[in-house]
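> model the following, please.
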Amino acid sequence: MQEALNPVSTASADAATHSASEQYHVMRRSGDVVDFTPQKIAIAVTKAFLAVRGAQGAASASVREMVDELTQGVVRALVRSRPGGGTFHIEDIQDQVELGLMRGGHHEVARAYVLYRE
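Residues are numbered from 1 along each chain as shown. Below you'll find the model as predicted:
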């Protein structure tokens with residue numbers, strides 16, 4: 001089950017997340033600014049899948065693949081919005097995740113993610 005909590009494991013995802021984390025930061029709700037860590041997106045989305053499908057469903061290869069693709073899509077969208085680097089507000093990241101889930105047809109997971117955000 002450890003693998004299900006760390007779904008971003010492909011070489012391409014690791015390379016993209018490494019480069020993004022060097023140039024980008026996140027402003028938390030508290031006002032603290034921290035490094036942008038795309039793996040945290042994957043963990044949060046995996047938790048939403050866990051809430052909807054249970055541990056076995058969330059651990060499946062297809063779910064790990066969906067989480068990886070969604071995470072990469074969110075990172076690409078965020079980087080496009082600030083190509084020279086910068087700081088994202090946590091709400092912007094979470095909005096992109098919700099949008100990605102909805103566009104992917106994962107409405108129940110999007111709802112679980114919204115509840116997780118609260």
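> part of a helix, is residue 29?
No - judged by DSSP: H, G, I helix; E, B strand; the rest coil, residue 29 forms no part of a helix; its state is coil.
> got a list of what it touches?
Residue 29 sits next to 90-91 when contact means C-beta atoms under 8 Å, 6 or more residues apart in numbering. From N, CA and C alone the C-beta is placed, and that goes for glycine too.
> how far away is it from residue 94?
Look at residue 29 and residue 94: by C-beta to C-beta, to the nearest Å, they are 10 Å apart.
> could you do residue 113 as well?
Distance check for residue 113 against residue 94: by C-beta to C-beta, it reads 8 Å.
> cool, residue 30 as well?
Residue 30 is 15 Å from residue 94, by C-beta to C-beta.
> same check, this time on residue 27
Applying C-beta to C-beta to residue 27 and residue 94 gives a distance of 12 Å.
> again with residue 25
In terms of C-beta to C-beta, residue 25 sits 16 Å off from residue 94.
> what do you get for residue 112?
Counting by C-beta to C-beta, the gap from residue 112 to residue 94 is 13 Å.
> do the same with residue 117
Residue 117 sits 6 Å away from residue 94, taking C-beta to C-beta as the criterion.
> please apply the same query to residue 44.
Going from residue 44 to residue 94 by C-beta to C-beta gives 8 Å.
> can you check which residues contact both of these two?
Contact criterion C-beta under 8 Å, 6+ apart; residues bridging residue 44 and residue 94 by contacting each: residue 113.
> quick check, central residue of this structure?
residue 41 (2.4 Å; C-alpha atoms, centre = their mean).
> mind listing the strands for this structure?
Assigned by DSSP state E, the strands in the chain fall at 24-27, 33-35, 86-89.
> fine, thanks again, bye for now.
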